[in-house]
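Trainee: after the sequence you'll find the predicted model.
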Amino acid sequence: MYPNSLRNLIESFKLLPGIGEKSAERMAFYVLGLDSEKVSFFSESLNEVKNKIKKCPICNNITEEEQCSICSDESRNKDYLCILEDVKNIFMFEKIGNYHGYYHVLDSLIDPLEGINPEDIGLEKLLKRIKENSFKEVIIAIKPSIEGETTGLYIKKLLEGMNVKVTRIASGIPIGAEFEYIDSITLERAFNDRKEL
């Protein structure tokens, strides 16, 4: 019932995560009400992000330059390398502001059920980077899932004998959580990672 151009815009919005038919229709009609200048800016922004953004060849972060701003920042602490599973996590850590080392983003997590094996997640690039630098500590900051645990343990095994400390971020019970709603794996991890008061 919609004109083709509007239907195409609705279908385009539905490609976004968490956007269903109703939300897509609402956004499409909102765009119809915008002035041409704002629509042009929106359109150009979409094209630019696809054409200008690329992976940093060192850490897999996103950048418009030859290397990302973090890898090119000489003032960062060269002793620490934090391994992440997603580029978005870099921005989360940077917002917190208490970590000043370097990052490395994996291509994925090991998941044999999905056909993702150790050779598919970019570990050779990670190992080469660790061998070529003098990191004192590698921090594994990936989600506490079966895939995350498998990947973390695999990386730890690869780094054995390389004279680098391997740690993982703590995980456990969130503040304000009710014990009755906490799964056994989270409770076990929280118990095992307990700290002295």
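Mentor: Cool, the structure landed.
Trainee: mind telling me what element M27 is part of?
Mentor: helix 21-33 (DSSP states H and E).
Trainee: one more: A170?
Mentor: Going by DSSP H and E, A170 is not in any helix or strand.
Trainee: leaving out the residues flanking it, which one is nearest to it?
Mentor: D193 (4.7 Å; CB to CB, 6 or more residues apart in numbering). In short, each C-beta sits where N, CA and C put it, glycine included.
Trainee: which ones are touching that neighbour?
Mentor: A170, S171, G172 (CB atoms under 8 Å, 6 or more residues apart in numbering).
Trainee: likewise E85?
Mentor: E85 neighbours (CB under 8 Å, 6+ apart): V105, L106, S108, L109, I142, K143, G148, T151.
Trainee: out of those residues, which are inside helices?
Mentor: Of these, the ones assigned to helices by DSSP state H are G148, T151.
Trainee: ok, which stretches of this protein are helices?
Mentor: 4-14, 21-33, 36-52, 87-96, 123-132, 146-158, 184-192.
Trainee: can you lay out these as a markdown table showing mean neighbour count?
Mentor: Formatted as a markdown table, those follow (neighbours: other CB atoms under 10 Å):
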| stretch | mean neighbour count |
| --- | --- |
| helix 4-14 | 14 |
| helix 21-33 | 14 |
| helix 36-52 | 10 |
| helix 87-96 | 13 |
| helix 123-132 | 14 |
| helix 146-158 | 17 |
| helix 184-192 | 12 |
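Trainee: reformat those into TSV and put distance to D73 next to each item.
Mentor: Compiled in TSV, those are given as follows (distance: least, CB to CB, whole Å):
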stretch	distance to D73
helix 4-14	37
helix 21-33	37
helix 36-52	20
helix 87-96	11
helix 123-132	16
helix 146-158	24
helix 184-192	33
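Trainee: distance to I58 and mean pLDDT for these - can I get that in CSV?
Mentor: CSV is the format used below for those (distance: least, CB to CB, whole Å; pLDDT from 0 to 100):
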stretch, distance to I58, mean pLDDT
helix 4-14, 34, 96
helix 21-33, 37, 97
helix 36-52, 18, 96
helix 87-96, 13, 93
helix 123-132, 7, 94
helix 146-158, 18, 92
helix 184-192, 31, 78
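Trainee: that's all I had, so thanks and see you.
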